[in-house]
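Asker: Attaching a predicted model along with its sequence, questions to come.
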Amino acid sequence: MKAITLKAFGDIDQFELIETAVPELASGEVLVKVKAIGLNPVDYKTRQGKAMAKKLKQPYILGWDISGVVEKAPTESKFKVGDEVFGMVNFPGCGNAYAEYVAAPESHLALKPQNISFEEAAAAPLAALTVYQTIVKYAKIKEGDRVLIHAGAGGVGHIAIQIAKSFGAYVLATASAKNKAFLEQLGTDEFIDYTAVNFETEVKDIDVVLDGVGGDVAEKSLKVLKKGGFLHSIPSPAKDLSAIRNDVESPWILVESNEEDMEEVAKYLAEGTVKVHIQQVYNLEQMGEAHKQLESRRTRGKLVVAID
């Protein structure tokens, strides 16, 4: 099979397209013939030697989000050969997703909804699971909550807007002016152009903050939270947030592969609660180009690599 490996951690010139053996199945795994790979910021950070780099095993194969068709499954599996599936494989860990075939724990997969494409399915898992596990399971978002989403046009952000609105929340979202119409189409109630105003002086009485930017944005977000509010910063914040304000919740949460949560994501997609926006689809040979776009941090929605 074809796979994209890393000769060493570093820039995109370390990518190499190789022919390698189809992976053998361990207990509880199925073999997926990959149709599409979803890309996330953790991909390029790991390529650089950060994030999940220590979790990888040689040959270094990046990636976690996939969609495809079950090629091989044990008789006791919940899936059968020919099933269309999608999921986030072995996160946090080694997903080996940049390949034509992936050995995936069946508990990390769900059936692909028939109303979406393989590309849309591959784009969803990590971002949608991040939103679900943080603001739904942990923060317990509810109707009437005031929810602030930073980087609203990004992969996590644009899904977070849709899920928050499905709960009846009042959603405020930050982005640049060019993304205003996009965010409003998603259901944003209040758009904040971060290039024109300081959100911390424009916003108040927030119940939940989901920060996709990190750095000092998380610290500034503490100022707009109600007492007892919830803040999750996906990238590392610049400082220990709990030391700055101890009357709000600001836990460190790392998204993880989870069978029940994947089923919830599948429902959101099947019902149309969440529609994933894909900015561009690449092929395997364009992986370096795709990573450069990821690193720009100017992607609207998600990037996907399709495999013929």
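Answerer: That came in fine, so what should we check first?

Asker: Can you pull out the low-pLDDT segments for the stretch 151-300 of the chain?
Answerer: Along the stretch 151-300 of the chain, the parts satisfying pLDDT under 70 run over 238.

Asker: in it, which spans are strands?
Answerer: 170-175, 190-193, 206-211, 225-233, 278-282 (DSSP state E, counting those that start in this stretch).

Asker: Need those in JSON lines (columns: distance to residue 32 and mean neighbour count).
Answerer: Where you see a C-beta, it was placed from the backbone N, CA and C, and this is true even at glycine. As requested, the strands of the stretch 151-300 of the chain are exported to JSON lines (distance: least, CB to CB, whole Å; neighbours: other CB atoms under 10 Å):
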{"stretch": "strand 170-175", "distance to residue 32": "34", "mean neighbour count": "25"}
{"stretch": "strand 190-193", "distance to residue 32": "39", "mean neighbour count": "18"}
{"stretch": "strand 206-211", "distance to residue 32": "30", "mean neighbour count": "25"}
{"stretch": "strand 225-233", "distance to residue 32": "30", "mean neighbour count": "20"}
{"stretch": "strand 278-282", "distance to residue 32": "19", "mean neighbour count": "17"}
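
Asker: Tell me which of those strands lies nearest to residue 86.
Answerer: strand 278-282 (13.9 Å; CB to CB).

Asker: Of the strands of the stretch 151-300 of the chain, which is nearest residue 256?
Answerer: strand 225-233 (14.1 Å).

Asker: orientation of the closest one relative to strand 206-211 in degrees?
Answerer: Going by axes from the mean of the first three to the mean of the last three CA atoms, to 10 degrees, strand 225-233 is angled at 20 degrees with respect to strand 206-211.

Asker: Who are the packing partners of strand 225-233?
Answerer: strand 206-211, helix 216-221 (3 or more CB pairs under 8 Å, 6 or more residues apart in numbering; DSSP states H and E).

Asker: okay, those in JSON lines with distance to residue 290 next?
Answerer: Shown next, in JSON lines, are those (distance: least, CB to CB, whole Å):
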{"stretch": "strand 206-211", "distance to residue 290": "25"}
{"stretch": "helix 216-221", "distance to residue 290": "26"}
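
Asker: what about these, which gets the closest to residue 31?
Answerer: strand 206-211 (35.0 Å).

Asker: just the helices in the stretch 51-200 of the chain please.
Answerer: 118-123, 125-131, 155-166, 180-186, 199-202 (DSSP state H, counting those that start in this stretch).

Asker: Do a quick rundown of the helices in the stretch 201-308 of the chain.
Answerer: 216-221, 241-244, 259-271, 287-296.

Asker: which of those is buried the deepest?
Answerer: Highest mean neighbour count of those: helix 216-221, a mean of 20 (counted as mean count of other CB atoms under 10 Å).

Asker: Now tell me what touches that helix from outside.
Answerer: By CB atoms under 8 Å, 6 or more residues apart in numbering, the surrounding residues in contact with helix 216-221 are 148, 150, 198-200, 206, 209, 211, 231, 233, 237-239, 241, 244, 250.

Asker: about what we covered before: save the strands of the stretch 151-300 of the chain as a markdown table, and put in distance to residue 164 too.
Answerer: A markdown table is the format used below for the strands of the stretch 151-300 of the chain (distance: least, CB to CB, whole Å):
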| stretch | distance to residue 164 |
| --- | --- |
| strand 170-175 | 5 |
| strand 190-193 | 12 |
| strand 206-211 | 8 |
| strand 225-233 | 12 |
| strand 278-282 | 21 |
